[in-house]
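J.: Sequence below, structure please.
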Amino acid sequence: MTRTIKGPGSFDVAIVGAGAAGMHCAAQAGGRGARVVLIDHAPRLAEKIRISGGGRCNFTNLEGDQIDRYLGDDPLFARFALREHPPAEFVDLVRRYRIGFHEKHRGQLFCDTSAEEIIAMLVAECDRAGVEWRRPVAVRSVARSGQGFQLQTDAGSIDARRLVVATGGLPVPKIGATDWGLILAKQFGLIVVEPRPALVPLTFAPQDWTAFVPLAGISLEVGIQVQPQSVDPVASGRRTKPVRFVEDLLFTHRGLSGPAVLQTSSFWRPGDALQVNLLPGQELAKDLVQLKSGGRKALSTILAERLPRRLAQDGFEPLTGHPAALGSSRIADFPDRVLEDLSGRIQSWTMTPSGSEGWRKAEVMRGGVSTRELDPRTMESRRIPRLHFIGEVVDITGWLGGYNFQWAWSSATVCARAMTELGD
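T.: Coordinates of the predicted model:
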């Protein structure tokens, strides 16, 4: 797909990381006349794009420029880039390559056929812009050299007037994710916000989850939010206020997953509880009390008309805290207070996760190079001239649904434009 050139060289811009942000930045900087080299250690190009969206790449969201969909110590940092390069601009590029796409859910745009089309588009843009490739090539060291940088790589020494770090985050190490960018930032004395998995399934201690294991595979729409336990700003950091999501939840053998939990996981920290409404938008207590009059149906049967049957039956005891046999009783036999208690437990089910599935299942990284270290108009280090960081390696994390790709496109764009406009 791409031509790898071995050997040393001298360039205006060296970009480390040939993922979404790296390729988009390289193509635009090269298209504006800069001599660009794009370096990546992975044997297979853009694997994270390839596996995203179930292989169809949720490449942006129609609301991808909404700043309230992003998290970090300072989410407002992303505002400039998102305004400068909103979703419509990237969609125009996709259309120019005649890539079919569709809106799947709440503004999420997916390729009709394959994520490979997005990869091919980015590669074609880079090749058209005269970008040179070094892959699979590892960067062994980086040092200041004059006003620029010298990179020692497996392909020889590379000199560059500007260096862009686009190495992504730590999720899915099996496809080559590393902490190279974070280590480099620390090497140059930059602050790094502690990285942690985000958009990740949450797990529970075995003793707390045993009763729920039989429910694995059940999926339903819920309302969900985090109940933060820490109020100490020193202990918890500058925390983004949790958001209530209405999305699909999935029971697993180890805990909870599905879009509802993935979204919520970005706000979750150890010790926090989850509050789940298994019947969002309904007034269950009121409905059950009204059904008492002349009601001959069993309570579990009535619940099964509103919830997945297996959840209403097998999950009755672990969810409500009442014996399973109680569910087979006629609804007419229940006092109002018991029905109200049962309804409250179902519509405000609270559990405290013990952890998450970690980097191997996380879709993105929360944390990264502190936005306090970077200029939002250029993505350049405030302390180390001509050193830039873009994409996931920066402490900006989007919601599930194309927002993280949009941050990659937007941060790459403002960086490329700034580098070619600033000159040297």
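J.: Give me the below-cutoff pLDDT ranges for the stretch 1-150 of the chain.
T.: Along the stretch 1-150 of the chain, segments meeting pLDDT under 70 span 1-6.
J.: can you give me the helices in it?
T.: Assigned helices in the stretch 1-150 of the chain, in chain order: 20-31, 47-51, 79-84, 87-96, 116-128 (criterion: DSSP state H, counting those that start in this stretch).
J.: any chance of these in TSV, with mean neighbour count too?
T.: To be clear about C-beta, it is placed using only N, CA and C from the backbone, and glycine gets the same treatment. Below are these laid out as TSV (neighbours: other CB atoms under 10 Å):
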stretch	mean neighbour count
helix 20-31	28
helix 47-51	19
helix 79-84	19
helix 87-96	15
helix 116-128	19
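J.: of all those helices, which lies closest to Val393?
T.: Closest to Val393 of the helices of the stretch 1-150 of the chain is helix 20-31 (CB to CB; 8.3 Å).
J.: now that closest one and helix 87-96, what's the angle there?
T.: Here the directions of helix 20-31 and helix 87-96 differ by 80 degrees (axes from the mean of the first three to the mean of the last three CA atoms, to 10 degrees).
J.: Which elements pack onto helix 20-31?
T.: strand 9-16, strand 36-39, helix 116-128, helix 403-422 (3 or more CB pairs under 8 Å, 6 or more residues apart in numbering; DSSP states H and E).
J.: any idea of the angle it forms with helix 116-128?
T.: Relative orientation of helix 20-31 and helix 116-128, computed by the same axes, to 10 degrees: 30 degrees.
J.: Just the CA atoms of helix 20-31, as PDB, please.
T.: The C-alpha trace of helix 20-31 is given here as PDB (Å, rounded to 0.1, in the frame of the first residue of the first chain):
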ATOM      1  CA  ALA A  20      -5.400   8.700  12.100                       C
ATOM      2  CA  ALA A  21      -3.900  11.900  13.400                       C
ATOM      3  CA  GLY A  22      -0.400  11.200  12.000                       C
ATOM      4  CA  MET A  23      -1.400  10.500   8.400                       C
ATOM      5  CA  HIS A  24      -4.000  13.300   8.300                       C
ATOM      6  CA  CYS A  25      -1.400  15.800   9.600                       C
ATOM      7  CA  ALA A  26       1.300  14.500   7.200                       C
ATOM      8  CA  ALA A  27      -0.900  14.800   4.200                       C
ATOM      9  CA  GLN A  28      -1.900  18.400   5.000                       C
ATOM     10  CA  ALA A  29       1.500  19.600   5.900                       C
ATOM     11  CA  GLY A  30       3.000  17.900   2.800                       C
ATOM     12  CA  GLY A  31       0.200  19.400   0.700                       C
END
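J.: Quick check: closest non-adjacent residue to Gln77.
T.: One thing to correct before we go on: residue 77 is Phe, not Gln. Thr371 (3.8 Å; CB to CB, 6 or more residues apart in numbering).
J.: Same check on Asp248?
T.: Leaving aside its sequence neighbours, Asp248 sits nearest to Gly258 (CB to CB, 6+ apart; 4.7 Å).
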